[in-house]
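Chemist: kindly return the folded structure for what I paste below:
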Amino acid sequence: MTDTDSRDAASRLHRLGRGADDPVDALSLARVLLDEVRAGDRPGVLRIYRPEPTVAFGARDRFLPGFPEAVAAARAHGFTPVLRSLGGRVAPYHRGSLVIDHIEPASTLLSGTQGRFTDFGQMYAEVLRSIGIDARLGEIPGEYCPGEHSVNVAGKIKAIGTAQRVTADGWLFSSSIVVTDPEPIRAVLTDVEDALGVEWDPATGGSISEVHPEVTVEAVAAAVESAYGAAYAVVDASFGEATLAACAGYRDKHEL
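Modeler: This is a model prediction of the structure:
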């Protein structure tokens, strides 16, 4: 393989969709895809999908006294509670949202970990700005699942949260963008965070559409696709029966 061929292979991503309706399987599928990339079965993955209503709890949330009540609160609002393997704290998303999973091979453990947070945060903020959204990189006071690489809208509402899973030979960087339909997000977060005993400002937990009512999920998805198409060789791909079946092996890691 020539140096040019090597660079081309490194920039190639398989474009995939949700692949599974059940939120636990949807989360498990990301782990399966990471395994396939690590094994060399795929060059990399770009997975963009609209999720079913989900409340993704972080590992630290499990140890808070009100965790069982928080799980029950998520279900009461019609959101499926799941436990994510990535970092961060509890975060909700639904059909008015987009989830983006970017997976690539890596040569060393933790290589580029912090840089990815900055680079992806900047990239997604630029994507939103390209369609007229006042997107800014950085944590806003009182936001849920706080992080310095969050993307907010007009300094008021958290729009994008990011997290990653890193291994010695591959990484998964996952982002959720809450685009429309803010009230279910704010309502479920209010009850879940109350159960967990976490203080936050409910004004920060809505959607992009509260500041930009003209925005649509389709427009954001198209802008993301365009940005990736300019930076990578993105090719349509399929999951395959073996990939989907392998989700069962990870369900116990995410099911609550």
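Chemist: list the pairing partners of the top strand by length along the chain within its sheet, with orientation.
Modeler: For the chain, the strand reaching the highest residue count under DSSP state E is reported as strand 157-167. Here strand 157-167 has these sheet partners by DSSP bridges: strand 151-153 (antiparallel), strand 170-178 (antiparallel).
Chemist: for the longest one, give the mean pLDDT please.
Modeler: For strand 170-178, the mean pLDDT works out to 95.
Chemist: what's the answer for stretch 73-93, then?
Modeler: In the prediction, stretch 73-93 has an average pLDDT of 92.
Chemist: next, the distance between the ends of it.
Modeler: 15 Å (Cα to Cα, to the nearest Å).
Chemist: list the buried residues of that stretch.
Modeler: Within stretch 73-93, the residues that qualify as buried are 73-74, 77, 79-93, counting by 16 or more other Cβ atoms under 10 Å. (Each C-beta comes from the backbone N, C-alpha and C, glycine too.)
Chemist: please apply the same query to stretch 163-177.
Modeler: Under 16+ other Cβ under 10 Å, the buried positions of stretch 163-177 are 163-166, 170-177.
Chemist: pick out whichever of the residues you listed sits closest to Ala56.
Modeler: Comparing the buried residues of stretch 163-177 against Ala56 with Cβ to Cβ places Ser176 closest, at 7.9 Å.
Chemist: not counting sequence-adjacent ones, nearest residue to Arg62?
Modeler: Leu83 (7.0 Å; Cβ to Cβ, 6 or more residues apart in numbering).
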